[in-house]
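[1] Sequence below, structure please.
(one chain, ligands or ions: 1)
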Amino acid sequence: MDLKYSKASPVLTDPAPMDKSRLGIRGLLPCAQSGPSFSTSVLAIPRKKPGKLDDVRSNGWLDAMKSSSPPRKKIVKDVDVEVVSDDGDITYHSWMSKYPSALNYFGQIMDGARNRRIVIFLDYDGTLSPIVDDPDRAFMSADMRSAVRNVAKYFPTAIISGRSRDKVYELVGLTELYYAGSHGMDIMFPDRRIEPTNHSGCIKSTDLLGKEVNLFQPASEFLPMIDEVFRTLVENTKDITGAKVENHKFCTSVHYRNVDEKIWPVIAQRVHDILNNYPRLRLTHGRKVLEVRPVIDWDKGKAVEFLLESLGFSNSPDVLPIYIGDDRTDEDAFKVLRSESRGYGIIVSAVPKESNAFFSLKDTSEVKEFLEALVKMKEQDDL
Ligand SMILES: O=P(O)(O)OC[C@H]1O[C@H](O[C@H]2O[C@H](CO)[C@@H](O)[C@H](O)[C@H]2O)[C@H](O)[C@@H](O)[C@@H]1O
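    Predicted coordinates for the structure are as follows:
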């Protein structure tokens, strides 16, 4: 597909047909050719009559929604954190032969790292902080923060999150890291580095400490559209108990974790109908969350490549990138690292799921252990 601008821009020119097939739209509403103008006139959309929920059932949205997070078979009530029962233990152990524990294989991973510069990429939700019901309360523990801080002393470390860059920075609170928000569509990297050769469009800015930095925001033209669709989604889900819409600047998400499962078809249909008016936006599935993103050729995998290049680590056999993440959006990064055996993806999961990662960790406490082991190894000067 042609790029709209120069080779540098990830914005795709003719998104409409691609959009439709990705969304599985069956022409529920007349489809605007170029999306709505940025006005408030689209804030209220006509509601579907009850019983007309065939689109989201037939296009796979509902199935994807149901399988989008580990089953909550047992919930530890007062901790408010997902815990999966032992039922799937046998399957889990056989899955682990395909995705062995990064802790058990730590020695082998370190052997591969000998004489190579390790670069660490970390997802936030489900990786550094446990999955909880309220996205505003997804805090990382002090121990985890200290593990990440120590890792960053020895290895270049970046956080790549679906949240807005400001929000994830606020949650992590460490200035010594690199941050990419909005699924990699908002990357801040140091000024002293060279702009990656294949990309233009970096802008100069200052970080919260007043330091000069570069920003790469490949979806900046979508800002008003995302803002508009965010407000539309808020308006059209406000009557659904438990629904929550978040604005991540270059993408927006609709949470249904706290919505009664019987109402999932309704929330899915509302989002579907709204997206039908925005052919330049697409939907991806996260953990009990519908994520609305621009149709651009950019994802967490591209962000990893971009950061490696902008930090001066691109295409070097002396570099070993390690990416730790837990959800479907992290698969793009795992794929990049798997290709040409560039590095290691580590999936965080307590249940079996297909992945492009090489290794696995069961939960956030194992992530912390892995990070601590890296630091210990470095402190013993074994790397
Ligand atoms: O890329 P990430 O950093 O993993 O962000 C992905 C999404 O994470 C958040 O939602 C998820 O975590 C919440 C808190 O534990 C949980 O309540 C929700 O069900 C999960 O989907 C965040 O709120 C989303 O906006 C991110 O897209």
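
[2] how about the strands of the stretch 151-300 of the chain, start to end?
    157-160, 178-181, 186-190, 202-206, 212-216, 244-247, 252-255, 281-286, 289-294 (DSSP state E, counting those that start in this stretch).

[3] List the neighbouring strands of the fifth one plus their orientation.
    Same thing as strand 212-216. strand 186-190 (antiparallel), strand 202-206 (antiparallel) (DSSP bridges).

[4] next one: the first one
    In the sheet containing strand 157-160, the strands it pairs with under DSSP bridges are strand 117-122 (parallel), strand 178-181 (parallel).

[5] Quick one: those strands as CSV, columns for distance to the ligand, mean pLDDT and mean neighbour count too.
    C-beta here means a position set from N, CA and C on the backbone, and glycine is covered the same way. Shown next, in CSV, are the strands paired with strand 157-160 (distance: least, C-beta to the nearest ligand atom, whole Å; pLDDT from 0 to 100; neighbours: other C-beta atoms under 10 Å):
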stretch, distance to the ligand, mean pLDDT, mean neighbour count
strand 117-122, 9, 97, 22
strand 178-181, 9, 97, 24
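
[6] List just the one of those strands that sits closest to residue 328.
    strand 117-122 (16.1 Å; C-beta to C-beta).

[7] roughly how far is that closest one from the heart of the chain?
    17 Å (C-alpha atoms, centre = their mean, to the nearest Å).

[8] For that strand, give me every contacting residue.
    When contacts are defined by C-beta atoms under 8 Å, 6 or more residues apart in numbering, strand 117-122 is touched by residues 128, 148, 151-152, 155-160, 304, 307-308, 311, 313, 316, 318-325, 333, 343, 367, 371, 374, 383.

[9] now the closest residue to residue 227 other than its chain neighbours, which residues is it bridged with?
    Distances taken as C-beta to C-beta, 6 or more residues apart in numbering put residue 247 closest to residue 227, at 7.1 Å, once the chain neighbours are dropped. Beta bridges link residue 247 to residue 252, judged by DSSP bridges.

[10] Okay, now the unreliable bits of this structure?
    Residues of the chain meeting the criterion pLDDT under 70: 1-54, 58, 69-88, 191-200, 315, 382-383.

[11] Quick one: name the residues of it near the ligand.
    123-126, 131-133, 135, 138, 161-163, 246, 253, 255, 257, 286-289, 291, 327, 329 (C-beta under 6 Å from any ligand atom).

[12] beta partners for the closest residue to residue 113 other than its chain neighbours?
    Of all residues not flanking residue 113 in the chain, residue 320 sits nearest, at 5.0 Å (C-beta to C-beta, 6+ apart). Legend: beta-bridge partners of residue 320 under DSSP bridges are residue 118.

[13] the helices in this structure, which residues?
    Here the chain has its helices, by DSSP state H, at 15-23, 54-58, 61-66, 89-98, 106-113, 142-154, 165-172, 223-237, 264-275, 300-310, 331-338, 364-379.

[14] Which residues does the fourth one contact?
    Taking C-beta under 8 Å, 6+ apart as the criterion, the residues outside helix 89-98 that touch it are 350, 351, 352, 353, 360.

[15] Is the last one in contact with residue 347, as I believe?
    Yes: with contact defined as C-beta atoms under 8 Å, residue 360 and residue 347 form a contacting pair (5.1 Å).

[16] residues shared between the contacts of those two?
    Taking C-beta under 8 Å, 6+ apart as the contact rule, residue 360 and residue 347 both touch residue 99.

[17] Which one's more surrounded, the two?
    Applying other C-beta atoms under 10 Å to residue 360 and residue 347 shows that residue 360 carries more neighbours, namely 27 against 24.

[18] quick one, what contacts the residue lying closest to the more buried one once chain neighbours are set aside?
    Distances taken as C-beta to C-beta, 6+ apart put residue 99 closest to residue 360, at 4.0 Å, once the chain neighbours are dropped. Contact analysis of residue 99 by C-beta under 8 Å, 6+ apart lists 347, 355, 357, 358, 359, 360.

[19] Farthest pair within those residues?
    For the contacts of residue 99, the farthest-apart pair by C-beta to C-beta is 355 and 359; their separation is 9.8 Å.
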